[in-house]
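Undergrad: Fold the following for me, if possible:
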Amino acid sequence: MPSTRDIRKKVDGRHPPERPPRFLTRKEVPLYYPVSYHTLAYWASRGDGPPFRRAGKNSIYESENLDRFFSSEIVDLKPRMMRRRR
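TA: Residues are numbered from 1 along each chain as shown. Below is the predicted model:
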């Protein structure tokens with residue numbers, strides 16, 4: 001499995017990242033998917049977002065579940081408090 005540093009070099013160097021590994025930690029998910037670490041944490045606290053498992057202190061996401069979630073859901077990445085009220 002490539003290290004986070006190697007993946008960041010590829011992303012920052014404008015090389016498209018290869019297929020994500022089967023399991024990703026919450027810190028690794030933003031390297032492959034259009035979502036931030038904090039958004040994932042917020043969704044998890046509300047019971048929303050893609051399914052994950054706990055392994056000690058780590059939240060582990062399956063790339064298959066992430067693919068399914070981001071392709072089927074209309075994901076609003078802007079927090080509620082940033083939206084205007086009418």
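Undergrad: what are the phi and psi angles of Phe23?
TA: Dihedral angles of Phe23 (phi, psi; degrees, to the nearest 10) stand at phi -120, psi 140.
Undergrad: surely it meets Ser63?
TA: Yes - between Phe23 and Ser63 there is a contact at 7.4 Å, judged by Cβ atoms under 8 Å. From N, CA and C alone the C-beta is placed, and that goes for glycine too.
Undergrad: ok, the two, which is more surrounded?
TA: When Phe23 and Ser63 are compared for neighbours, Ser63 comes out ahead with 18 against 15, by other Cβ atoms under 10 Å.
Undergrad: so where is this structure shaky, pLDDT-wise?
TA: Residues of the chain meeting the criterion pLDDT under 70: 1-17, 73-86.
Undergrad: now the helices for it?
TA: With helices called from DSSP state H, the chain shows them at 4-12, 37-46, 63-72.
Undergrad: Give me the angle between the last one and helix 37-46.
TA: Relative orientation of helix 63-72 versus helix 37-46 (axes from the mean of the first three to the mean of the last three Cα atoms, to 10 degrees): 90 degrees.
Undergrad: helices or strands up against helix 63-72?
TA: strand 23-25 (3 or more Cβ pairs under 8 Å, 6 or more residues apart in numbering; DSSP states H and E).
Undergrad: ok, now how distant is the nearest residue to Arg19 once chain neighbours are set aside from Tyr32?
TA: The spatial neighbour of Arg19 that comes closest, neighbours along the chain excluded (Cβ to Cβ, 6 or more residues apart in numbering), is Ser63 at 7.8 Å. For Ser63, the distance to Tyr32 equals 7 Å [Cβ to Cβ, to the nearest Å].
Undergrad: What of Tyr42?
TA: To Tyr32, Tyr42 is 19 Å away according to Cβ to Cβ.
Undergrad: The two: who's more crowded?
TA: For Tyr42 versus Tyr32, neighbours defined as other Cβ under 10 Å are more numerous around Tyr32 (19 against 14).
Undergrad: Cool, thanks, signing off.
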